[in-house]
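K.L.:
below is the sequence, then the predicted model.
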Amino acid sequence: MDRSRLRLYFICGSNNVEGNPLLVIEAALKNGVTLFQLREKGEYALEGEALFDFASDIKVLCRKYNVPFIINDEPELAENVGADGIHLGQDDLDSSLLSPYFDDKIIGLSVADSRELEQSDLGKVDYIGTGPVFTTPSKDDAGEVIGIHGLEEMRNLTGDMPMVAIGGITPENYQECLEHGADGVSLISAIAGAQDVGGAVKRFL
Ligand code: TZP
Ligand code: MG
């Protein structure tokens, strides 16, 4: 994959924002996020037809701003909606079992640390997401913080595998992540929770 796409990777679900999530997502896309992931989880998460419709609306926005559209965890939804890729966790379906639809799509995998790296088959994986690098308000079971040191260790272990840092990323620690091995950052709250979404994106860039 084109690793520059990982530079500012926004992840969002309908319950990560106050108000209309499509407005927040459009503001983020318009102001320069380089990749988008729909991660629909937790309380009040959309399901079934409502989730399909939401994903379809997001796809239209991503196309409008020419930003690839990734879906977390749900290969079937990703395929039905015509998404540009899928992001899987360690407990999700193995990437080697994905349908042929994904042969030319972006496949991401969460790999928290060196232990998870050992047990991961990266054969079909285009990029990994590593962390939480810092404390995150957005995932209760995110596991132990790996810190900048852990990020750097992952870079040393993964060679030139495209890698994004995740967990507690802010404009203040963004540069540090890039300097210690990340190709980019993926984040929820620093953009989804901002009063001025466009302004928040610009602060990163
Ligand atoms: N995986 C590890 S931390 C995290 C995920 C999905 C949440 C990141 O959210 P935030 O608000 O940017 O810390
Ligand atoms: Mg998952």
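P.N.:
Thanks, I have the structure now. Numbering: from 1, shown residues only. Ligands and ions are numbered 1, 2, ... in the order given.
K.L.:
go ahead and confirm residue 158 touches residue 128.
P.N.:
Yes: look at residue 158 against residue 128 with Cβ atoms under 8 Å: they come within range, at 6.8 Å. Yep, even glycine has a C-beta here, placed from its N, CA and C like the rest.
K.L.:
can you list the residues of this structure near ligand 2?
P.N.:
Neighbours of ligand 2 within the chain, by Cβ under 5 Å from the ion: 73, 89, 92.
K.L.:
of residue 158 and residue 128, who's got more company?
P.N.:
Neighbour comparison, residue 158 and residue 128: the larger count goes to residue 128, with 21 against 17 (by other Cβ atoms under 10 Å).
K.L.:
the strand or helix carrying that one and ligand 1 in contact?
P.N.:
For residue 128, the element it lies in under DSSP states H and E is strand 127-130. No: if you take Cβ under 6 Å from any ligand atom as the test, strand 127-130 misses ligand 1, and the best it gets is 6.8 Å.
K.L.:
now the strands for the protein?
P.N.:
8-12, 35-38, 69-72, 85-88, 106-110, 127-130, 163-166, 184-187 (DSSP state E).
K.L.:
in the protein, what secondary structure element scores lowest on mean pLDDT?
P.N.:
None of the helices or strands of the chain scores lower by mean pLDDT, DSSP states H and E than helix 114-118, at a mean of 94.
K.L.:
mind listing what's buried in it?
P.N.:
Within helix 114-118, the residues that qualify as buried by neighbour count (16 or more other Cβ atoms under 10 Å) are 116-117.
K.L.:
with just CA atoms, put it into CSV.
P.N.:
Listed next in CSV are the C-alpha coordinates belonging to helix 114-118 (Å, rounded to 0.1, in the frame of the first residue of the first chain):
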residue,chain,number,x,y,z
SER,A,114,6.2,-8.0,20.2
ARG,A,115,4.3,-11.0,21.7
GLU,A,116,1.3,-10.4,19.4
LEU,A,117,3.8,-9.9,16.5
GLU,A,118,5.2,-13.4,17.1
